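Undergrad: Predicted coordinates and the sequence they were generated for:
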Amino acid sequence: MDNRSKALGLGLIFLGIIFLLENLNVITFNFFLIWPVFVILGGVGFLLGFFINKKNYGLVMPGIILIIYGSLFMYCNIMGWEYMQSLWPVFLLGPGLGFFVLYFAGQKDKGLLLPGGILTVLGLLFIFRYFEYLRYWPVLLIIGGIVLIFLSGKKNNTQD
């Protein structure tokens with residue numbers, strides 16, 4: 001039996017004992033408040049798998065996503081799920097940041113940067129939408145568009 005099977009077996013035994021003791025009223029805890037901890041621990045487990053064997057850099061992406069989503073769920077459990085109406089862009093940030101970390105942890109495949117950048121920028125843009133003091137952030141998009149138009153016009157003039 002390899003170490004992975006032993007670790008998974010021990011984890012299942014631990015969870016089984018905890019849930020059995022809770023069902024038998026030996027211990028009591030509000031599972032509905034702490035369930036995100038299991039999501040976060042799953043993410044940490046993926047990252048530990050990567051750090052144990054750096055060749056398994058594919059474990060980084062799900063680890064990052066689970067840690068980010070678990071943190072979001074924990075925040076909503078504590079503060080209230082009504083905040084999800086403004087925090088939903090975190091679902092874009094999770095994989096976006098996961099692509100970036102996968103790029104730096106893996107073989108530096110540049111194909112990971114484009115989806116990471118798109119998802120991260122979209123997530124941040126949608127989050128900025130909910131901050132009152134960032135009301136005028138779309139002006140940056142307008143300025144960026146104007147700069148791109150002028151730069152492309154300048155390149156076309158030099159080619160003529």
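TA: Sure thing, it's come through. Residues are numbered from 1 along each chain as shown.
Undergrad: Now do the same for Y75: its pLDDT.
TA: On the pLDDT scale, Y75 is placed at 92.
Undergrad: element containing the residue most central in space within the chain?
TA: The residue lying closest to the centre of the chain (C-alpha atoms, centre = their mean) is G94, at 2.1 Å. In this assignment (DSSP states H and E), G94 forms part of helix 90-105.
Undergrad: So for that helix, mean pLDDT?
TA: 93.
Undergrad: need the next SSE after it, C-terminal direction.
TA: helix 113-128.
Undergrad: in this protein, what spans have low per-residue confidence?
TA: Counting by pLDDT under 70, the ranges of the chain that qualify are 1, 29-33, 154-160.
Undergrad: Could you pull up the residues touching the residue nearest to the centre of the chain?
TA: I64, I65, I68, Y69 (C-beta atoms under 8 Å, 6 or more residues apart in numbering). (C-beta placed from N, C-alpha, C; glycine too.)
Undergrad: follow-up on the earlier one: what angle do helix 113-128 and the helix holding G94 make with each other?
TA: Here helix 90-105 runs at an angle of 150 degrees relative to helix 113-128 (axes from the mean of the first three to the mean of the last three C-alpha atoms, to 10 degrees).
Undergrad: what does stretch 56-72 rub up against?
TA: Contacts for stretch 56-72 (C-beta under 8 Å, 6+ apart): 36-47, 49-50, 87, 90-91, 93-95, 97-99, 101-102, 105-107.
Undergrad: again with stretch 122-133
TA: S86, L87, W88, P89, V90, F91, L92, L93, G96, L134, W137.
Undergrad: For it, buried residues please.
TA: Going by neighbour count (16 or more other C-beta atoms under 10 Å), the buried part of stretch 122-133 is G123, F126, I127.
Undergrad: Quick one: end-to-end distance for it.
TA: 19 Å (C-alpha to C-alpha, to the nearest Å).
Undergrad: How about stretch 52-65?
TA: 19 Å.
Undergrad: again, but for stretch 81-92
TA: Taking C-alpha to C-alpha, stretch 81-92 runs 18 Å from one end to the other.
Undergrad: centre of the chain versus it, how much separation?
TA: Its chain's C-alpha centre and that of stretch 81-92 lie 13 Å apart, by C-alpha atoms, centre = their mean, to the nearest Å.
Undergrad: Ok, stretch 91-105 next?
TA: For stretch 91-105, the distance to the chain centre is 7 Å (C-alpha atoms, centre = their mean).
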